[in-house]
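Asks: I'd like to go over a predicted model; first the sequence, then the structure.
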Amino acid sequence: MKIDKKLIKELVDNLDEFKLSELEYQNGDTKIKVSKWAEMPSTNKESENKISNKKNLLNDEEEGVAIKSPIIGTAYLSPEPGAKQFIKVGDKIKKGQTIMIVEAMKTMNHIPSTNDGEVKKILIKDGQPVEFGQTLILLK
């Protein structure tokens, strides 16, 4: 099989252009997956904040059940602008209950809770981009 270096370069360029961490391409039997896991250089203050935030999230996750995003997209805490939020801290929720919406490719995806519990902390803000596997909320 001949490796199409031009196609791979184009896919890598798309990672940068669209600020993606991973991209997969398939054409017939040919399947190419490119990913970028190295962090971009940033100022010391930004790095310190990221480290501090990660430590806080890790400490919180140890003390609760994490509900994670099943897809990449933009998270919304209410069904439409100005409407009541699906959940708030202190609410008791059931498995399968919608906790928020994640918009991906102009499709509104209702995100269900994977467990019963009480909402301990909402870790994202309305309109915030989320990644696959990112913790959205913590339950007690």
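Replies: Yep, it's here.
Asks: how many other residues sit next to Glu17?
Replies: Neighbour count for Glu17, taken as other C-beta atoms under 10 Å: 8. For glycine as for every other residue, the C-beta is placed from the backbone atoms N, C-alpha and C.
Asks: how much space is there between it and Gly90?
Replies: Distance, Glu17 to Gly90, using C-beta to C-beta, to the nearest Å: 42 Å.
Asks: what of Asp13?
Replies: 46 Å.
Asks: let me know the secondary structure of the residue lying closest to Thr114 once chain neighbours are set aside.
Replies: Closest residue to Thr114 apart from its sequence neighbours, by C-beta to C-beta, 6 or more residues apart in numbering: Ile67 at 5.7 Å. State at Ile67, reduced to three classes by DSSP: H, G, I helix; E, B strand; the rest coil: strand.
Asks: and Asp16, by the same measure?
Replies: helix.
Asks: count the neighbours of the residue nearest to Pro112 when sequence neighbours are not counted for me.
Replies: Excluding its sequence neighbours, the residue lying closest to Pro112 (C-beta to C-beta, 6+ apart) is Gly96, at 4.9 Å. Neighbourhood size, Gly96 [other C-beta under 10 Å]: 10.
Asks: same thing with Gly127?
Replies: 11.
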